[in-house]
Structure formats: structure tokens, C-alpha cells
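>>> can you look at this prediction? I've put the sequence above it.
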Amino acid sequence: MEFDAVLIAGPTASGKSREALALAEAIGGAIINADSMQVYREAPILTAQPCAADKARVPHLLYGHVGAAEVYSVGRWRDDALAALEQARDMRRVPIFVGGTGMYFSALTEGLADIPEIPADTRDAARALLEEIGVEQLHARLMERDPLTASKLRPSDPQRVLRAYEVFEATGRPLAEWQNAPAAPVLKDARLATFVLDPPRPELRARIAARFGQMVEQGGLEEAQALKGLDPALPAAKLLGLRPLQALAAGELSKEAALENAITATRQFAKRQMTWFRNRMPHYIWYDPLLSNIITQYGEVSS
């Protein structure tokens, strides 16, 4: 059986990029990023983007194409993914979407809310209000205007609270209502081969620790320093390890403490990723990359 696209999901440090590269070389694929942090050009090391040598082996799309100061949303990624999909097809290559962002995979297979573009003046006013009164007070105001959405959000989450507030201000409709009426998925009616990497927890924890240590040695600390002063409400401010490494650079944390904080946060994030995959992707093919590989798995489902 021939597939129109391949989807490879998995937690951070599970080996997704390596698996995608091997499959792309085997079947003539183009790799398309489906990770919300690997879109940022200022942090190729901290976000573990493929190296130049790997990018030279097969086409890689949507890596490092966005500035960290931009408000990059799932909706924008969906539009970029549509363009990347057409680019892969023009090259006569199989699109291979790989990453760890669950909402990106939802956009591919389930569709997203078709929310109108938020006017710049509305966005700027909402951001200024957040800076003035803080996230908890903004959440309280959102609760007055849009209790449906506010009740689903943590009052301490500036990015999501700000997004819900500006959507209501711009459209007069709760964000939750928009989300209940999704637009067509990117891969509507496509024949898909779908996989989730599921390494053993001890192995994943060890990989996370080892990789973060390598990132620091390879220039991750310098990347974190260069992002000092980034607006905490921006999506890029959630980059794993950013805050502890900035604290290390400022002399506020020891190297040992900074690494411990970053590794712990990354492990917790990987756990949340796996919870998402289990709840939303149980129908994908799950496999342990220590016991099998993507080429074998792909061959089994395509035969």
C-alpha cells in the first residue's frame, strides 16, 4: 500500500529525528517539522533541530523559520504545513511529519478552529493589559467575559489566558466555541501511516539528561543568553531549559542546579506529551525504538 503522508510522533529525546531521517532516505521522503519549539531560528541547539549534515541528506521543512519574538500559533503552523505539504509533493517526495506537539498532529488529522486573524491593535492592547495587571487578574477579567474558556485555563498560564482574552475581544465569541467548530484537517481524506515512538521510561529519562548536557556544551547556554528579555507571554518563552540556563548565565544558579532544573522540567514535559498521545493517538502504531525501527514498522503496514 502506498501512503500520502507519514506521521511520526513521540516525546522529546525519543529519537524521532533519527527515525524520520532513516525513513525519508528509504522511501524518498521530505521531513516536515511538527514541533512547536523547533520552528524558532534563534535556538537550533536548545530545540534539538536537525544538524546541517542531516538537512543535506534529505529536504527538511519548517525548521528555524520563525523569530522567537513572533506570536506563532497552531493556526499559523497549519497554514505553513499546507504550504510545506505542497512543496514536498512538488518535489515528488513523501511528506513525513515528525515532532512532539500534539496540537500540530490534531491540525493534520482532525482540523482546528478557524479563528479569524486577531487585529494588531487588539493584540497589542491585550498584551499591554497583561503587563499592567498580571496574568491572574487578566484571567479574572476573562472569567467575567468568557467563563466557558476561562474555567478550562490555569490562571498562571499567560500564553493561553492572553490568547483566550484577545480572541474574545476581537470576535465577541468564546475561544471554546471556536474550538468546537474546527476547519478541515490538513490531511483530509489522505492515506496515512501513523506512528508513536514509545521508549522505556528509564531509557527516555537517561536520554533527556544526556542530551541536555550536550546542548549546554554545544552552545545552548549562549542561545539562552541571547534570548534574555523575551516576553514571557510569547510561545517561545516556554522553551525547555531557557529560564534555568538564563539563571546560570546570570550567576543565580550553579551549573549543577541549572541542569537539574532543566532536566526535571524536560522529563515532566515528556510525561505530559505521552499522556496526550495515549489519550488522542491510541490508534497510531506504537513501538519501542530500542526493539524495532521505523523502516521495519513502515514495511509491515505498507505490505
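Arrived safely.
>>> ok, T266 touching A210?
No: contact criterion CB atoms under 8 Å: T266 and A210 do not qualify, at 11.5 Å. Just so you know, the C-beta spots here come from the backbone N, C-alpha and C atoms, and that holds for glycine as well.
>>> give me the more crowded residue out of the two.
Shown here are T266 and A210; by other CB atoms under 10 Å, T266 has more neighbours (20 against 12).
>>> return the residues in contact with that one.
Residues counted as contacts of T266 (CB atoms under 8 Å, 6 or more residues apart in numbering) are T12, A13, I208, F212, L240, G241.
>>> what about 6 Å?
Applying CB atoms under 6 Å, 6 or more residues apart in numbering to T266 gives the contacts I208, L240.
>>> next SSE downstream of the helix or strand where it lies?
Assigned by DSSP states H and E, T266 belongs to helix 255-280. Toward the C-terminal end, the helix or strand that comes next after helix 255-280 (DSSP H and E) is strand 285-287.
>>> quick one: I96 from A206, how far?
27 Å (CB to CB, to the nearest Å).
>>> so for these two, which residue has more residues nearby?
Between I96 and A206, counting by other CB under 10 Å, I96 is the more crowded of the two (29 against 13).
>>> surely that one touches A22?
No: I96 lies out of contact with A22 (CB atoms under 6 Å); the separation is 10.4 Å.
>>> need the residue closest to the centroid of this protein.
S36 (2.5 Å; CA atoms, centre = their mean).
>>> how about that one, nearest residue that isn't a chain neighbour?
Leaving aside its chain neighbours, S36 sits nearest to T101 (4.3 Å; criterion: CB to CB, 6 or more residues apart in numbering).
>>> for the one you found, grab the count of nearby residues.
When neighbours are counted by other CB under 10 Å, T101 registers 20.
>>> show the pLDDT at it.
In this model, T101 is scored at 97, pLDDT.
>>> quickly note the distance from it to A81.
Following CB to CB, the distance that separates T101 from A81 is 11 Å.
>>> how far is the helix or strand bottoming out on mean pLDDT in the chain from where the chain is centred?
Lowest mean confidence among the helices and strands of the chain (mean pLDDT, DSSP states H and E): helix 175-179, at a mean of 79. Between the centre of helix 175-179 and the centre of its chain there are 21 Å (CA atoms, centre = their mean, to the nearest Å).
>>> so what does that helix touch, helix or strand wise?
helix 147-150 (3 or more CB pairs under 6 Å, 6 or more residues apart in numbering; DSSP states H and E).
>>> same question for the next helix or strand after the helix it packs on, mean pLDDT?
Downstream of helix 147-150, the first helix or strand assigned by DSSP H and E is helix 158-171. Helix 158-171 comes out with an average pLDDT of 89.
>>> may I see the buried residues of helix 158-171?
158-170 (16 or more other CB atoms under 10 Å).
>>> got it, and stretch 32-41?
I32, N33, A34, D35, S36, M37, Q38, V39, Y40.
>>> how is the chain carved up into domains?
For the chain, automatic domain parsing gives the domain ranges 5-112+184-302, 120-179.
>>> mean pLDDT lowest for which of those?
For those, the weakest mean pLDDT is recorded on domain 120-179, namely a mean of 89.
>>> separation between I8 and V161?
Distance of I8 to V161, given as CB to CB: 32 Å.
>>> count of residues packed around the closest residue to A262 other than its chain neighbours?
The spatially closest residue to A262, leaving aside those adjacent along the chain, is G241, at 3.6 Å (CB to CB, 6+ apart). Per other CB under 10 Å, the neighbour tally for G241 reads 25.
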